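Engineer: coords below, sequence missing:
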Ligand SMILES: Nc1ncnc2c1ncn2[C@@H]1O[C@H](COP(=O)(O)OP(=O)(O)OP(=O)(O)O)[C@@H](O)[C@H]1O
Ligand SMILES: [Mg+2]
């Protein structure tokens, strides 16, 4: 298996770094008790990577995602997002970077029930102050990217669970974020619908989107290119999947075969 020291594993050394954590630590103080949720995480993720974060309950996955997503700052260590050190920024500075660089997808879709798909997707652009015509054009483009070009007028209650989550993915993409960050995106979906979401993620990643997804399901992690396993606040394993799941195919496919198919497709 292709496995090196935690934090050094990258897909292609020549690629641009999107995020880099060094000695990333987070300590929570609860009365007299100190909880060390992250204990020195070293990690680099490059443009175009597709990473699954795994680990048992309490291992620090959500804490780590909060740092990566600029929702919280570390107690010690540094974190750089797109070349900018964000470990010591104020709340309002963090919010600005978060809106520009991160697209969030959560287990619960967090859509406005009475608004159309189009309106739900254009919301982040309203906050960003984009003009209406531009907002509609970009929202429509992202809905088409997730295969919902024919559902732009539907409201969430008029959509299936998988379609709702795809609206949430389109909304996460509308600001062209550096990282698409998903915390248990298939947690509320049945297995068939989960595959629908993994199909969208796979296609987005093929188009170059950097994706980081937290999951406790092994078969979901097998759709990604790389797996990082946390335990007790440190990286326990960091490796490239040598076999991956591909939507529409049974079982695991060796990456050599996936690359052959991709190369052949590129020749046409
Ligand atoms: N706000 C907080 N205050 C105090 N302790 C916290 C806080 N948030 C998390 N912790 C503790 O930090 C550790 C890591 O928690 P975290 O939520 O990151 O785990 P997780 O890997 O996401 O778990 P799960 O799979 O259950 O979601 C746990 O021991 C947790 O109890
Ligand atoms: Mg969690």
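Structural biologist: That came in fine, so what should we check first? Bear in mind the structure is a predicted one, so any value in this text is a computation, not a measurement. Ligands and ions are numbered 1, 2, ... in the order given.

Engineer: residue 39: neighbour count?
Structural biologist: Other residues within reach of residue 39, judged by other Cβ atoms under 10 Å, total 16. For every residue, glycine as well, the C-beta is placed using N, CA and C.

Engineer: apologies, that question was intended for residue 195.
Structural biologist: Around residue 195 sit 20 other residues, with neighbours defined as other Cβ under 10 Å.

Engineer: for it, what are phi and psi?
Structural biologist: The phi/psi pair for residue 195 (degrees, to the nearest 10) reads phi -60, psi -40.

Engineer: look up how far residue 162 lies from it.
Structural biologist: Residue 195 sits 9 Å away from residue 162, going by Cβ to Cβ, to the nearest Å.

Engineer: now residue 222
Structural biologist: Shown here: residue 222 relative to residue 162, a distance of 19 Å by Cβ to Cβ.

Engineer: all helices of the stretch 51-200 of the chain, in order?
Structural biologist: 61-68, 91-101, 117-127, 132-145, 161-173, 191-206 (DSSP state H, counting those that start in this stretch).

Engineer: ranking those helices by burial, who's on top?
Structural biologist: helix 161-173 (a mean of 24; mean count of other Cβ atoms under 10 Å).

Engineer: packing partners for it?
Structural biologist: With contacts taken as 3 or more Cβ pairs under 8 Å, 6 or more residues apart in numbering; DSSP states H and E, helix 161-173 sits against strand 102-105, helix 117-127, helix 132-145, strand 179-183, helix 191-206.

Engineer: residues in this structure within reach of ligand 2, list them.
Structural biologist: When proximity is defined by Cβ under 5 Å from the ion, the chain lies next to ligand 2 at 61, 62.

Engineer: tell me which helix or strand in the chain has the weakest average pLDDT.
Structural biologist: Counting by mean pLDDT, DSSP states H and E, the chain has its least confident helix or strand at helix 255-267, which shows a mean of 83.

Engineer: quick one: buried residues of that helix?
Structural biologist: 255, 258 (16 or more other Cβ atoms under 10 Å).

Engineer: packing partners for that helix?
Structural biologist: strand 243-245.

Engineer: got a list of contacts for the least confident helix or strand of the chain?
Structural biologist: 206, 240, 241, 242, 243, 244, 246 (Cβ atoms under 8 Å, 6 or more residues apart in numbering).

Engineer: now, which of those residues sits nearest ligand 1?
Structural biologist: residue 241 (20.6 Å; Cβ to the nearest ligand atom).

Engineer: coming back round to it: would TSV of the helices and strands packed on helix 161-173 with mean pLDDT and distance to residue 64 be doable?
Structural biologist: Formatted as TSV, the helices and strands packed on helix 161-173 follow (pLDDT from 0 to 100; distance: least, Cβ to Cβ, whole Å):
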stretch	mean pLDDT	distance to residue 64
strand 102-105	94	14
helix 117-127	93	23
helix 132-145	96	27
strand 179-183	96	10
helix 191-206	93	19
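
Engineer: save the contacts of helix 255-267 as JSON lines, and put in distance to ligand 1 too.
Structural biologist: JSON lines is the format used below for these (distance: Cβ to the nearest ligand atom, whole Å):
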{"residue": "206", "distance to ligand 1": "28"}
{"residue": "240", "distance to ligand 1": "22"}
{"residue": "241", "distance to ligand 1": "21"}
{"residue": "242", "distance to ligand 1": "25"}
{"residue": "243", "distance to ligand 1": "25"}
{"residue": "244", "distance to ligand 1": "23"}
{"residue": "246", "distance to ligand 1": "27"}
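
Engineer: adding distance to residue 176, write these out as JSON lines.
Structural biologist: What follows is those, written out as JSON lines (distance: Cβ to Cβ, whole Å):
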{"residue": "206", "distance to residue 176": "16"}
{"residue": "240", "distance to residue 176": "26"}
{"residue": "241", "distance to residue 176": "26"}
{"residue": "242", "distance to residue 176": "31"}
{"residue": "243", "distance to residue 176": "31"}
{"residue": "244", "distance to residue 176": "26"}
{"residue": "246", "distance to residue 176": "26"}
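
Engineer: make a PyMOL selection of the buried ones in the residues you listed.
Structural biologist: Command for PyMOL, covering only those of the contacts of helix 255-267 found buried under the criterion 16+ other Cβ under 10 Å:
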select buried, resi 240+241+244+246
